[in-house]
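Novice: sequence and predicted structure are below.
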Amino acid sequence: MSFDGIGITRESFGPGEDAAHEVIAAAATAEGLHVERDGARNLIVTLPGREPAAPFIACGSHLDSVPQGGNYDGAAGVVAGLTAIVHMQRAGIVPQRTVKVMALRGEESAWFGKSWIGARAMLGRLTPADLAL
């Protein structure tokens, strides 16, 4: 849905990335998984584990792209993680630890000159200088 005639273009925090996040969120919601967004609008899909107080297992990637990027850059990690937890849930498998699939926002530096915006925000490492254009 973000083919630009040559490759895939999904601007960080733009309509293409927003749409990709909504596709993943809708698929996860349809499977009964918990879906949330943090303050940076990172998408987090959760399959609860048997030990919810234990550190969770994280997987995923990003859904934005560089201009005319590859179709699977970033998105493959998100789709693979979602596929794994959907299959676990359908099979009735409750993992020992909670598994979270993350679709991080603004990971490609092509749009703002600063990479890993979503990851930096999630980890408390995003500064006002990082956001100055």
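Specialist: In hand now; what should we look at?

Novice: where's A121, which helix or strand?
Specialist: A121 is part of helix 117-122, with elements assigned from DSSP states H and E.

Novice: so which residues make contact with that helix?
Specialist: When contacts are taken as Cβ atoms under 8 Å, 6 or more residues apart in numbering, the neighbours of helix 117-122 outside the stretch itself are 12, 38-42, 62, 102, 104-107, 125-126, 130. Every C-beta, even on glycine, is put in place using the N, C-alpha and C of the backbone.

Novice: again, only using 6 Å
Specialist: Outside of helix 117-122, the residues that reach it under the criterion Cβ atoms under 6 Å, 6 or more residues apart in numbering are 40, 42, 104-106, 126.

Novice: check stretch 6-23 too.
Specialist: By Cβ under 6 Å, 6+ apart, the list of residues contacting stretch 6-23 from outside reads 2, 43, 63-65, 67-69, 71, 103, 106, 111.

Novice: how about that stretch as PDB, C-alpha atoms only?
Specialist: The C-alpha coordinates for stretch 6-23 follow below in PDB (Å, rounded to 0.1, in the frame of the first residue of the first chain):
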ATOM      1  CA  ILE A   6      10.000   2.200  -7.700                       C
ATOM      2  CA  GLY A   7      10.200   1.100  -4.100                       C
ATOM      3  CA  ILE A   8       8.400   1.500  -0.800                       C
ATOM      4  CA  THR A   9       8.200   5.000   0.700                       C
ATOM      5  CA  ARG A  10       6.800   5.300   4.200                       C
ATOM      6  CA  GLU A  11       7.800   8.700   5.800                       C
ATOM      7  CA  SER A  12       8.500   8.600   9.500                       C
ATOM      8  CA  PHE A  13       5.400   9.800  11.300                       C
ATOM      9  CA  GLY A  14       3.700  10.300   7.900                       C
ATOM     10  CA  PRO A  15       0.600   8.800   6.300                       C
ATOM     11  CA  GLY A  16       2.300   5.600   5.000                       C
ATOM     12  CA  GLU A  17       3.800   4.800   8.300                       C
ATOM     13  CA  ASP A  18       0.500   5.600  10.100                       C
ATOM     14  CA  ALA A  19      -1.300   3.200   7.700                       C
ATOM     15  CA  ALA A  20       1.200   0.400   8.200                       C
ATOM     16  CA  HIS A  21       0.800   0.800  12.000                       C
ATOM     17  CA  GLU A  22      -2.900   0.600  11.700                       C
ATOM     18  CA  VAL A  23      -2.700  -2.600   9.600                       C
END
